[in-house]
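1. Predicted model and sequence follow; I will ask about them next.
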Amino acid sequence: AHYHVDLTPGQNSCGHMHKILRFEKYGPLGERPHGHVLAPGDPEVYSFLGEMIGQLSEIFPSSFYHAGCDETWELGKGRSRARAEQIGLGNVYLEHLQRVDELVRSRQKDAIFWSDIALLHPEVIKSMPRDLIAASWEYVPHTDADFYNRWIKPFQDAGMRVIVCPWVGNTN
């Protein structure tokens, strides 16, 4: 804090959960057996996330909490399949993100989420809680500045805050 640095906890809350879901205790929380994604809509998932968010919130005084929720490629391919067929995959993601946001807000923090999945379902962006903060990035560099508008503008148009996450590396 003396150097004006805010350490923000970052813990995935949907995708990238394979290292936790591999344990017998947490495996039943997955969308698919031995998978990478939490099962949206499962009350036990939100109990687990509430405990995790609570523990990290106690350690980090930041007013922000990065909930991840990116690369959720297994959504709708397991336990949430019927719900996705009923209301659409984008809405399944939206419902989960809303629940995560509520858990984070209950700790008096603002939730940050990676914007990639929401951009695959732009119809749900206008229904997202306005207090969510979209963290935008791209896998590869682009020379066309207008290209980046598609990663930022949908959230700005919906009245949401956006954090642009530039870097010098290249994942590919």
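-> Thanks, I have it. Treat the numbers as computed from the prediction; the structure is a model and nothing was measured. Numbers count the residues shown, from 1 in each chain.

2. Do a quick rundown of the strands in this structure.
-> 64-66, 110-114, 133-136, 161-164 (DSSP state E).

3. For residue 95, give its distance to residue 116.
-> Using C-beta to C-beta, to the nearest Å, one gets 18 Å for the distance from residue 95 to residue 116. Where you see a C-beta, it was placed from the backbone N, CA and C, and this is true even at glycine.

4. rewinding a little: would you list the strands of the chain in CSV and tack on distance to residue 43 and mean pLDDT?
-> Shown next, in CSV, are the strands of the chain (distance: least, C-beta to C-beta, whole Å; pLDDT from 0 to 100):
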stretch, distance to residue 43, mean pLDDT
strand 64-66, 21, 98
strand 110-114, 20, 98
strand 133-136, 26, 96
strand 161-164, 30, 94
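
5. right, and these - which one's nearest residue 80?
-> Residue 80 sits nearest to strand 110-114 of all these, at 17.8 Å, using C-beta to C-beta.

6. Name the residues that touch the closest one?
-> With contacts defined as C-beta atoms under 8 Å, 6 or more residues apart in numbering, strand 110-114 is touched by 8, 10, 63-71, 97, 100-101, 104-105, 131-135, 137, 163.

7. go again using 7 Å as the cut-off
-> The contact list for strand 110-114, computed with C-beta atoms under 7 Å, 6 or more residues apart in numbering, reads 63-70, 97, 100-101, 104, 131-135, 163.

8. Give the buried residues for stretch 48-61.
-> Buried residues in stretch 48-61, defined by neighbour count with 16 or more other C-beta atoms under 10 Å: 48-50, 52-53, 56-57, 60.

9. What confidence value was assigned to residue 172?
-> At residue 172, the model reports a pLDDT of 58.

10. Kindly report the same for residue 154.
-> pLDDT, residue 154: 96.

11. What of residue 148?
-> 77.

12. now it: how far from residue 137?
-> As for residue 148, its distance to residue 137 is 10 Å (criterion: C-beta to C-beta).

13. Helices - which of the buried residues of stretch 48-61 land there?
-> Among the buried residues of stretch 48-61, the members found in helices (DSSP state H) are 48-50, 52-53, 56-57.

14. Which one of these is nearest to residue 156?
-> residue 53 (26.6 Å).

15. out of everything not next to it in sequence, what's closest to that closest one?
-> The shortest distance from residue 53 to any non-neighbouring residue, by C-beta to C-beta, 6 or more residues apart in numbering, is to residue 103 (5.1 Å).
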